[in-house]
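Trainee: Provided below are the primary sequence and the corresponding predicted coordinates.
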Amino acid sequence: QVQLAESGGGLVQAGGSLRLSCAASERTLSSYAMGWFRQAPGKEREFVAAISGSGRGTYFADSVKGRFTISRDNAKNTVYLQMNSLKPEDTAVYYCAAGPSYYSTNSYRADLYDYWGQGTQVTVSS
């Protein structure tokens, strides 16, 4: 059982930046592909970004491409989501998730992830 805990959310003005962290209990985090998803009020959960176990493979939703980056430090059992040029439409609860394999362009599928964190709120004011 992998436990995930997100942190780093908060309130930021449009155009600003935030870095989210996802700390995992699993000491062999490199065995897991990691993803970030988000859910805004009244909307369905949507995919944001994913990264392979090694960190060499990444995949982004079109809505965040060029603004967000995903990275990982397996020695620290932590995955990061750097969010730049934030927009009000980025406001949501952000969740990290862990899955057994990296599926590249199929990483958007939430059913491919076995473990989920509790989420951290990101609010972008206009």
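Mentor: Nice, I can see it.
Trainee: any idea what the closest residue to Thr78 other than its chain neighbours is bridged to?
Mentor: Nearest residue to Thr78, sequence neighbours excluded (CB to CB, 6 or more residues apart in numbering): Ala23, at 5.2 Å. (Each C-beta comes from the backbone N, C-alpha and C, glycine too.) Using DSSP bridges, the beta-bridge partners of Ala23 come out as Ala5, Thr78.
Trainee: so how far is Thr105 from Ala23?
Mentor: Applying CB to CB, to the nearest Å, the value for Ala23 to Thr105 is 27 Å.
Trainee: tell me which of the two has more neighbours.
Mentor: Legend: neighbour count by other CB atoms under 10 Å for Ala23 and Thr105, higher for Ala23 (16 against 7).
Trainee: who are the contact partners of the residue most central in space within the chain?
Mentor: Compute the mean C-alpha point of the chain, and by CA atoms, centre = their mean the closest residue is Trp36, 2.3 Å away. Shown in contact with Trp36 (CB atoms under 8 Å, 6 or more residues apart in numbering): 20, 22, 47-50, 70, 79, 81, 94-97.
Trainee: can I get those in JSON lines including distance to Gln118, secondary structure and pLDDT?
Mentor: Below are these laid out as JSON lines (distance: CB to CB, whole Å; DSSP: H, G, I helix; E, B strand; the rest coil; pLDDT from 0 to 100):
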{"residue": "Leu20", "distance to Gln118": "13", "secondary structure": "strand", "pLDDT": "98"}
{"residue": "Cys22", "distance to Gln118": "11", "secondary structure": "strand", "pLDDT": "97"}
{"residue": "Phe47", "distance to Gln118": "18", "secondary structure": "strand", "pLDDT": "98"}
{"residue": "Val48", "distance to Gln118": "16", "secondary structure": "strand", "pLDDT": "98"}
{"residue": "Ala49", "distance to Gln118": "19", "secondary structure": "strand", "pLDDT": "98"}
{"residue": "Ala50", "distance to Gln118": "19", "secondary structure": "strand", "pLDDT": "98"}
{"residue": "Ile70", "distance to Gln118": "19", "secondary structure": "strand", "pLDDT": "98"}
{"residue": "Val79", "distance to Gln118": "15", "secondary structure": "strand", "pLDDT": "97"}
{"residue": "Leu81", "distance to Gln118": "15", "secondary structure": "strand", "pLDDT": "98"}
{"residue": "Tyr94", "distance to Gln118": "11", "secondary structure": "strand", "pLDDT": "98"}
{"residue": "Tyr95", "distance to Gln118": "8", "secondary structure": "strand", "pLDDT": "98"}
{"residue": "Cys96", "distance to Gln118": "10", "secondary structure": "strand", "pLDDT": "98"}
{"residue": "Ala97", "distance to Gln118": "12", "secondary structure": "strand", "pLDDT": "97"}
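Trainee: many thanks, I have nothing further to ask.
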